[in-house]
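**Student:** heads up, no residue letters with this:
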C-alpha cells in the first residue's frame, strides 16, 4: 500500500500530488480537486473555514485508503486536506489515484472522496456577508 | 458551452489544464490523466507512437464535449491529446471537467475518456524491444 | 468519574469551549450523551452527533475509562 | 470514378502509403470497401474498419462524390 495522506494549513499544490502518484506502471490517473465555490444555494460565500480533529481524521483517511487498496488494484493513492481559512477558488481537498487501468482509478477516487465526506472528522463553516453556518450541522 | 480542445505534438501540462477549467462557480474538478505504461500484458514497452486524423479527431472531440454538456451541468471542459512519439511516463491525454458538484464532474470526465477511446480517430502503436503493434487493430 | 471531552465545529460553539470536563455517575457513552444533552440542549437540535473514543467512533455501550480521549463529533462536512 | 483515400495507423501500412487513388465502377462506400479488400486482403484481417467521408463516419450506402475527403479508419486506440 503506497499512500500519502496529509492535513495541512498551507495551500495544496495539484502538480506535486500528480507527480507523487505517477509511476512507470501507471496507465491512468484520476484526480479530484475540491474548490471553494462562490455561492451556496444562491447565497454568496465570502470564505470557508475548515477545522479537523487531526489525529482521528488522519486515522479515518488511512482506513479509507486501506479499503480502496482492498477494493481496486490501486498503485498509489494520495489524500490531502486543507484546514484553516480558504477564499473562493482555493482548494480544500485533492485526491489522486494511479492505476494500471482507468476504471479502477475513477472508481477508487470517487469512493475516497465520497467516503471522506461521510466519515472523516473535518468540519466546514460557510461565512456569508450576513452570518455563518456549520455545513450539515442541522437537519 | 465552454470547451478547450487540442491535439498537440508538445508535452501536455496538467497544471495549465486545471487552471483553465477552474472557475469561482466550481465546487469540484475531476481530471483524468493518461500516462504511458512501461508494460502491456507483461511485455516491456519502449515507447508509444500516436497518430491522429486531426480535423476529424477534433470534430469528434467536439461532439463528445457537446454530449457531455447536454448530459451533465458541466461548467468548463478541456480535452487535450498528444500525438507523436511518447516515452514511458509521458501523458497522451488529459481530460479536465469543472462542475458545481462532484458527481457530475466524475461522470462527465469518465464519459469523455470512454467515448474518446471508442470514436476519436487517433491510433497508438506500441513499440517493444522486438517489434511493434497497432493497438486494437486485430481481433 | 470525570471525563474530559473535546469539541469540534458546532459542538465547540455549543459548549463555548474546545474541551469541557463532565462528571459522570455511570460511565457508558450513552450516559455521557444523556448528561451532555441535559447541560447543552442544543446538542439535540443537531442533525446527528457521534462520540469518538481514542480516535475511533464509539457505540453507546462502550464504557469510558478516565484515560480515554473522548470527543464529540457533530455531522462532518469535509471535502 | 476516381476516389482519393486517406489512410491512418495500420491502414497506412497495409496500403504502403498515406493516401491512394482507387478507381470505382460504382460509387457507394460499400463498393469502395469491396474494391479495397480485393486489392488489400489484409484489410479483412482487421478487427474492424470504418470509412469516413468529409470527417464523418459514413454508412455503406452513402454515395461518394469526387470532391469528398475519404479516409479509412482502422480500430481507433487513442487515450
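**Tutor:** Done, it's in. Computed from a predicted structure; not experimentally measured.

**Student:** and residue C:45, how far is that from residue A:137?
**Tutor:** 9 Å (C-beta to C-beta, to the nearest Å). All C-beta atoms are positioned from the backbone trio N, CA, C, and that covers glycine.

**Student:** those two - which one has more neighbours?
**Tutor:** Taking residue C:45 and residue A:137 together and counting by other C-beta atoms under 10 Å in any protein chain shown, residue A:137 has the greater number of neighbours (23 against 12).

**Student:** near chain A, which residues of chain C show up?
**Tutor:** Among all residues of chain C, those adjacent to chain A (criterion: C-beta under 8 Å from any C-beta of the partner chain) are C:6, C:8-10, C:13, C:45-47, C:52, C:55-56, C:71, C:73-79.

**Student:** which ones among the residues you listed lie within strands?
**Tutor:** C:6, C:52, C:56, C:71, C:73 (DSSP state E).

**Student:** give the buried residues for stretch A:126-139.
**Tutor:** Applying a neighbour-count criterion of 16 or more other C-beta atoms under 10 Å in any protein chain shown, the buried positions in stretch A:126-139 are A:126, A:133, A:134, A:135, A:136, A:137.

**Student:** report the closest residue of chain C relative to chain B.
**Tutor:** Per C-beta to the nearest C-beta, the residue of chain C with the smallest distance to chain B is residue C:79, at 8.2 Å.

**Student:** you'd agree that residue is up against residue A:36?
**Tutor:** No. With contact defined as C-beta atoms under 8 Å, residue C:79 does not reach residue A:36; the gap is 11.4 Å.

**Student:** so for those two, which sits in the more crowded spot?
**Tutor:** Taking other C-beta under 10 Å, residue C:79 and residue A:36 do not tie; residue C:79 has more neighbours (24 against 21).

**Student:** now name the helix or strand holding the closest residue to the more buried one other than its chain neighbours.
**Tutor:** Nearest in space to residue C:79, with sequence neighbours left out and distances taken as C-beta to C-beta, 6 or more residues apart in numbering or on different chains, is residue A:117 at 4.3 Å. Using DSSP states H and E, residue A:117 sits within helix A:102-119.

**Student:** which elements pack onto that helix?
**Tutor:** Applying 3 or more C-beta pairs under 8 Å, 6 or more residues apart in numbering or on different chains; DSSP states H and E, we find helix A:102-119 packed against strand A:28-34, helix A:54-71, strand A:74-82, strand A:93-99, strand B:28-34, helix B:102-119.

**Student:** quick one, the second one and strand A:74-82 angle?
**Tutor:** Put simply, helix A:54-71 runs at 160 degrees to strand A:74-82, going by axes from the mean of the first three to the mean of the last three C-alpha atoms, to 10 degrees.

**Student:** how about helix A:54-71: buried residues?
**Tutor:** For helix A:54-71, a neighbour-count test (16+ other C-beta under 10 Å) marks A:56, A:57, A:58, A:59, A:60, A:61, A:64, A:65, A:68, A:69 as buried.

**Student:** on that earlier part again, show residues contacting the helix holding residue A:117.
**Tutor:** The contact list for helix A:102-119, computed with C-beta atoms under 8 Å, 6 or more residues apart in numbering or on different chains, reads A:27-32, A:34, A:60-61, A:63-65, A:67-68, A:71-74, A:77, A:79, A:81, A:93, A:95-99, B:30, B:32, B:34, B:102, B:106, B:109-110, B:113, C:76-79.

**Student:** which parts of chain A sit against chain B?
**Tutor:** Residues of chain A found near chain B, taking C-beta under 8 Å from any C-beta as the criterion, are A:14-15, A:18, A:22, A:24-35, A:37-39, A:88-89, A:98, A:100, A:102, A:105-106, A:109-110, A:113.

**Student:** if we use 6 Å, what do you get?
**Tutor:** Applying C-beta under 6 Å from any C-beta of the partner chain, we find that chain A lies next to chain B at A:14-15, A:18, A:22, A:24, A:26-35, A:37-38, A:88-89, A:106, A:110.

**Student:** ok, the most centrally placed residue in chain A - contacts?
**Tutor:** Chain A has residue A:93 as the residue nearest its centroid, 3.3 Å off, counting by C-alpha atoms, centre = their mean. Residue A:93 makes contact with A:34, A:81, C:79 under the criterion C-beta atoms under 6 Å, 6 or more residues apart in numbering or on different chains.

**Student:** give me the nearest residue to it, chain neighbours excluded.
**Tutor:** Closest residue in space to residue A:93, ignoring its immediate chain neighbours: residue A:34 at 4.0 Å, by C-beta to C-beta, 6+ apart.

**Student:** the one you found: what's it in contact with?
**Tutor:** A:92, A:93, B:28, C:79.

**Student:** quick one, what contacts the last one?
**Tutor:** Right, the one you point to is residue C:79. Under the criterion of C-beta under 6 Å, 6+ apart, the contact partners of residue C:79 comprise A:34, A:93, A:113, A:116, A:117.

**Student:** and the last one, how far from chain D?
**Tutor:** I take that to be residue A:117. Distance from residue A:117 to chain D, counting by C-beta to the nearest C-beta, to the nearest Å: 29 Å.

**Student:** on that earlier part again, can I get the buried residues of helix A:54-71 in TSV with pLDDT and distance to chain C?
**Tutor:** As requested, those are exported to TSV (pLDDT from 0 to 100; distance: C-beta to the nearest C-beta, whole Å):
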residue	pLDDT	distance to chain C
A:56	98	4
A:57	98	8
A:58	98	9
A:59	98	5
A:60	98	8
A:61	98	10
A:64	98	11
A:65	98	15
A:68	98	15
A:69	98	20
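
**Student:** rewinding a little: give me the subset of the buried residues of stretch A:126-139 touching chain C.
**Tutor:** Filtering the buried residues of stretch A:126-139 for proximity to chain C (criterion: C-beta under 6 Å from any C-beta) leaves A:134, A:135, A:136, A:137.

**Student:** next, format those as CSV and append pLDDT and distance to residue D:41.
**Tutor:** Conversion of these to CSV gives the following (pLDDT from 0 to 100; distance: C-beta to C-beta, whole Å):
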residue, pLDDT, distance to residue D:41
A:134, 97, 71
A:135, 96, 65
A:136, 96, 65
A:137, 95, 71
